[in-house]
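Participant: Fold the following and give me the result.
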Amino acid sequence: MKKSTKVLVATVLAAAAAGALAVYIMRRQIHLHRRDLFSPRPFRRLAALGHMGNEPASVDAIRLLRDFVAWEPRRHLRARAQAIIERMTSEVGAPPVEVGGGTA
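Facilitator: Numbers count the residues shown, from 1 in each chain. All right, here's what the predicted structure looks like:
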């Protein structure tokens, strides 16, 4: 095998290992911070929303997410929470209610 081919293979393997490590670290952080919905750190709140998005729909979860939407200062996190609320309300069968601009 040529030296350049060996270098290429080593580089590809190193990049794949780095990518796998990055995915592992991100998943671990999300798992560790899945309960930090009202954390002062945005990444922890995003991780908690990811966890909430995978949970089964319940009235308590919908109420918690509505409180979160009213409290959250970042628009993209509010939008993510609102999308989860809409999915959960359709699963539960309750009429959707928007927090902040609609009827609450």
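
Participant: For the protein, give me the ranges with low pLDDT.
Facilitator: Along the chain, segments meeting pLDDT under 70 span 30-34, 94-104.

Participant: center of it - which residue?
Facilitator: Per Cα atoms, centre = their mean, the C-alpha nearest to the average position across the chain is that of G50, at 2.6 Å.

Participant: Let me know the helix or strand that that residue is in.
Facilitator: Taking DSSP states H and E as the definition, G50 sits inside helix 42-54.

Participant: Pull out the buried residues from that helix.
Facilitator: 44-52 (16 or more other Cβ atoms under 10 Å). The C-beta positions use only the backbone N, C-alpha and C, and glycine is treated the same way.

Participant: Including distance to G93, could those residues go into TSV?
Facilitator: Output for those, formatted as TSV (distance: Cβ to Cβ, whole Å):
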residue	distance to G93
R44	31
R45	28
L46	28
A47	28
A48	25
L49	23
G50	24
H51	23
M52	19
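
Participant: Between those, which sits nearest I25?
Facilitator: A47 (12.1 Å; Cβ to Cβ).

Participant: unless I'm mixing things up, the closest one is touching L37, no?
Facilitator: No - contact criterion Cβ atoms under 8 Å: A47 and L37 do not qualify, at 9.3 Å.

Participant: quick one: the helices in this structure?
Facilitator: Assigned by DSSP state H, the chain shows helices spanning 3-32, 42-54, 59-71, 75-92.

Participant: I'd like to check the angle between the second one and helix 3-32, please.
Facilitator: When you say that, I think you mean helix 42-54. Following axes from the mean of the first three to the mean of the last three Cα atoms, to 10 degrees, one obtains 80 degrees for the angle between helix 42-54 and helix 3-32.
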